[in-house]
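Novice: Provided below are the primary sequence and the corresponding predicted coordinates.
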Amino acid sequence: MKRGFLGHCPACDKGRLFGRFLKVAPQCEVCGTEFHHHRADDLPPYIVIFIVGHLIGYGILMTETRMEMPMWAHLAIWPALTLGLCLALLQPVKGAVVGLQYALGMHGFGAARAKKTS
Ligand SMILES: [Zn+2]
């Protein structure tokens with residue numbers, strides 16, 4: 001999961017996991033491990049919404065209870081921070097989900113690993 005979080009191949013840690021921003025490469029360019037059978041689906045955005053929602057919600061509550069901030073400042077800070085955090089977390093979280101699927105041998109990763117070792 002850590003290798004995937006950093007955007008590296010979960011098998012060798014040298015190749016790149018992503019071809020584009022959220023597009024997982026079909027296979028590792030270094031060790032040839034296939035990634036095309038991953039099924040991250042909706043789990044990465046769900047996890048990102050869960051994390052960012054808690055951070056932003058806590059931040060809004062704390063600023064409202066501890067200081068007086070004008071409404072224009074709220075409208076300037078929180079939507080931009082939400083968007084920035086979501087974009088920053090989406091690729092690492094998706095990489096971690098693909099890494100988890102690789103570690104658990106889910107969705108063809110187990111068969112591919114068994115074929116590779118035999
Ligand atoms: Zn690799």
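Specialist: Everything's here; your move. Numbering: from 1, shown residues only.

Novice: Residue 82 against residue 52, yeah?
Specialist: Yes - counting by Cβ atoms under 8 Å, residue 82 does reach residue 52; the two are 6.0 Å apart. In short, each C-beta sits where N, CA and C put it, glycine included.

Novice: Any residue of the longest helix anywhere in the chain touching the ion?
Specialist: Ranked by residue count and defined by DSSP state H, the top helix of the chain is helix 71-104. No - under the criterion of Cβ under 5 Å from the ion, the ion is not reached by helix 71-104; the shortest gap measures 10.2 Å.

Novice: Just the buried residues of that helix, please?
Specialist: By neighbour count on 16 or more other Cβ atoms under 10 Å, the buried set for helix 71-104 is 82, 85-86, 89-91, 93-102.

Novice: for stretch 42-56, same thing?
Specialist: Neighbour-count burial for stretch 42-56, counted by 16+ other Cβ under 10 Å, picks out 43-45, 47-48, 52, 56.

Novice: my read: residue 43 touches residue 97, true?
Specialist: Yes - counting by Cβ under 8 Å, residue 43 touches residue 97, with 5.2 Å between them.
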